[in-house]
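A.B. asks: Output the structure for:
(one chain, ligands or ions: 2)
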Amino acid sequence: MSPPSHHPVPTDILQEVFGYSAFRGQQAEIVDHVTEGGDALVLMPTGGGKSLCYQIPAIARQRAGHGVTVVVSPLIALMHDQVGALEEAGVHAAFLNSTQTAEEAQHIEREMLSGRLTLLYAAPERVNNARFQAQLGSLYERGLLSLFAIDEAHCVSQWGHDFRNDYLQLSVLHQRFPKVPRIALTATADDITRADIIQRLQLEEARVFIASFDRPNIRYLIVEKDKPREQLLRFIQEEHDKDAGVVYCQSRKKVEETAEALRAAGINALPYHAGLDADVRRRHQDRFLREDGLVMVATIAFGMGIDKPDVRFVAHLDLPKNIEGYYQETGRAGRDGAPAQAWMTYGLADVVNQRRMIDESPSEEEFKQGQRGKLDALLALAEAIDCRRQRLLAYFGEDSKPCGNCDNCLNPPATWDATEAARMALSCIYRFHQSNGFGFGAGHLIDVLRGKETDKVRQYGHQQLSTWSIGAKLSEQEWRAVLRQLIALGYVFSEGEYHTLSLTETSRAVLKGEVQLLLRQQVAPPRRTKSSRTG
Ligand code: ADP
Ligand code: ZN
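C.D. replies: Ligands and ions are numbered 1, 2, ... in the order given. Below is the predicted model:
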């Protein structure tokens, strides 16, 4: 083999092999840096064009005599598609994964060992396999191991929802083959994940490229939950008739029920969750990709690596775990750049449930704290009365102006000052604990505040409390909004099977009037009834 010569010009490869006229965004810079042998960490949103960032350096370096690029990817379907497209374009590429026969795998290994292969895609468990590492060692000895590309690099972080143990082992690549440059890529870009990737993959020396995470064609809408299934149906019928979309639900049961309800209403909807037969899942996924205007009702099991350009909406019936999840899931809308909507319905029960799921998970306390912080950021986004996009981007460390394309920008919400109401609620929670020695849930609290004589009220004699019926002017729904925000912001703590409410260390600030709570006027703005107006 001839010694490495000068690298071919990347723009020539872009045009010749891929048929594109120009690089997008930071692609050119990244490609140059990696082709020259630099390490890189690339944070770029889904659809931003990450693949070319390693494919072009792989081709350039192969042509210059550096041999094989190994791409680590957890997504078998994606490997398959990319290898097909590359071979189609005349680039010698292959993958190794568990779907192959021994003969197929041996053939590919021979191609790899000859150094002729340009890109080899492999699942992380393969890369950690001793036999495979010995083969890489042989290539390395002969100067034919060109580059490591680690796709979906956030899988190395335990903070994300895609954590994979095999990713943790990938730092071995650097230890065993220190001279081989590496590029790690991900669409998840919050500070914690970024720091995790750098540390765990030992990428301290890598240049970090951060693309804008803005998806300007996606309109963000978050509405207060009130008969969610009807809200969803109205949203689809009025704004997305015959459009392709994804509806995310938290549980398999809810997926099934929602898909059924949509079908009953004449919408072409299919369920997808990990509890369905692999066969059924594959069939539903295929139909979603091929047919027009299909709505997939799914758990988050659906979506990773699904590349359908014309998804016009993503709807959430339940709150995602955190902002990364929200961003990833909503990001599946509008990949073609045409207008798309990310719609979510959100209510008090979501806040309570998500908090409880964290509390009850078997994880370490430190991990739970991290999860709570992430949930808080998402709740702040859901409660926001200013630009959603600005908040979303700020979470990923990006400064921006109000976007003009989210619900809050388009219809600035009228707000009302809920500070006084919040103080009433907190005092009442305090009285419960004082008089009974334990707390009660939101439903009972609201009954007491509104002066509704229920059996439970009589049982505990709560008509005697000083806070009895002090909040009669507000509707039940308004009280739910107040409590939701109090819990979301951490002024009230909800715990246990009965979602018992209690005060927190920060409640005092609200009680003392040091904090102002502004709430959006939602479906039903605070009405002053005729009698109370004169009163
Ligand atoms: P990601 O991996 O970041 O989600 P992809 O690499 O799959 O994104 O790219 C998304 C789409 O954009 C693909 O269809 C790809 O071919 C296209 N693309 C990427 N870079 C360019 C470019 N410079 N010019 C035109 N199309 C591009
Ligand atoms: Zn906005």
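
A.B. asks: Do I have it right that residue 208 meets residue 41?
C.D. replies: Yes. Between residue 208 and residue 41 there is a contact under CB atoms under 8 Å: 4.7 Å. Heads up, the C-betas are built off the backbone N, CA and C, glycines and all.

A.B. asks: out of those two, which sits in the busier spot?
C.D. replies: Applying other CB atoms under 10 Å to residue 208 and residue 41 shows that residue 41 carries more neighbours, namely 23 against 15.

A.B. asks: quick one: contacts for residue 216?
C.D. replies: Counting by CB atoms under 8 Å, 6 or more residues apart in numbering, residue 216 makes contact with 403, 405.

A.B. asks: same thing with residue 383?
C.D. replies: By CB under 8 Å, 6+ apart, residue 383 lies in contact with 484, 485, 488, 489.

A.B. asks: Leaving out sequence neighbours, find the closest residue to the residue of the stretch 151-300 of the chain at minimum distance from ligand 1.
C.D. replies: Residue nearest to ligand 1 within the stretch 151-300 of the chain: residue 187 (6.4 Å; CB to the nearest ligand atom). Excluding the flanking residues, the one nearest residue 187 by CB to CB, 6 or more residues apart in numbering is residue 46, at 4.6 Å.

A.B. asks: Of the contacts of residue 383, which is the most crowded?
C.D. replies: That'd be residue 484 among these, by other CB under 10 Å, with 25 neighbours.

A.B. asks: Can you pull the residues of this structure lying near ligand 2?
C.D. replies: 387, 389, 403, 406, 409 (CB under 5 Å from the ion).

A.B. asks: In three-state terms, how would residue 502 be classified?
C.D. replies: Here residue 502 takes the strand state, with states given by DSSP: H, G, I helix; E, B strand; the rest coil.

A.B. asks: For it, which residues are in contact?
C.D. replies: By CB under 8 Å, 6+ apart, residue 502 lies in contact with 429, 433, 439, 492, 493, 495.

A.B. asks: Swap in 6 Å and give it another go.
C.D. replies: 439, 493 (CB atoms under 6 Å, 6 or more residues apart in numbering).

A.B. asks: quick one: the most centrally placed residue in the chain from ligand 1, how far?
C.D. replies: The centroid of the chain falls nearest to residue 325 when counting by CA atoms, centre = their mean (1.6 Å). Using CB to the nearest ligand atom, to the nearest Å, one gets 17 Å for the distance from residue 325 to ligand 1.

A.B. asks: Could you identify the helix or strand that succeeds the one helix or strand that residue maps to?
C.D. replies: Under the criterion of DSSP states H and E, residue 325 resides in helix 323-330. Per DSSP H and E, the first helix or strand lying C-terminal to helix 323-330 is strand 340-346.

A.B. asks: ok, so what distance separates the residue nearest to residue 187 from residue 466?
C.D. replies: 54 Å (CB to CB, to the nearest Å).

A.B. asks: Neighbour count: the two, which is higher?
C.D. replies: residue 46 (18 against 9).

A.B. asks: Tell me the secondary structure at that one.
C.D. replies: Classification of residue 46 by three-state DSSP places it in coil.

A.B. asks: Run a quick check on it versus residue 331, I expect a contact.
C.D. replies: Yes. The pair residue 46 and residue 331 qualifies as a contact (CB atoms under 6 Å) at a distance of 4.8 Å.

A.B. asks: residue ranges with poor pLDDT in the chain?
C.D. replies: Residues of the chain meeting the criterion pLDDT under 70: 1-6, 160-161, 304-305, 522-535.

A.B. asks: now the helices for the stretch 151-300 of the chain?
C.D. replies: For the stretch 151-300 of the chain, the helices defined by DSSP state H, counting those that start in this stretch cover 165-168, 171-176, 191-200, 228-239, 252-264, 278-290.

A.B. asks: Show me how far the first one is from its chain's centre.
C.D. replies: Using CA atoms, centre = their mean, to the nearest Å, we find the averaged C-alpha position of helix 165-168 to lie 20 Å away from the chain's own average C-alpha position.

A.B. asks: Which residues of the stretch 51-200 of the chain lie near ligand 1?
C.D. replies: Neighbours of ligand 1 within the stretch 51-200 of the chain, by CB under 6 Å from any ligand atom: 51, 52.

A.B. asks: any idea how far the residue of the stretch 51-200 of the chain found nearest ligand 1 is from residue 166?
C.D. replies: Nearest residue of the stretch 51-200 of the chain to ligand 1 (CB to the nearest ligand atom) works out as residue 51 at 3.3 Å. Separation of residue 51 from residue 166 (CB to CB): 21 Å.

A.B. asks: And residue 434, by the same measure?
C.D. replies: When distance is defined by CB to CB, residue 434 is 54 Å away from residue 166.

A.B. asks: Looking at these two, which one has more neighbours?
C.D. replies: Neighbours were counted for residue 434 and for residue 166 using other CB under 10 Å; residue 166 has more, 17 against 9.

A.B. asks: Do I have it right that the more buried one meets residue 124?
C.D. replies: Yes. At 3.7 Å, residue 166 counts as touching residue 124 under the criterion of CB under 6 Å.

A.B. asks: returning to that earlier point: for the residue of the stretch 51-200 of the chain closest to ligand 1, which non-adjacent residue is spatially closest?
C.D. replies: Leaving aside its sequence neighbours, residue 51 sits nearest to residue 82 (CB to CB, 6+ apart; 6.5 Å).
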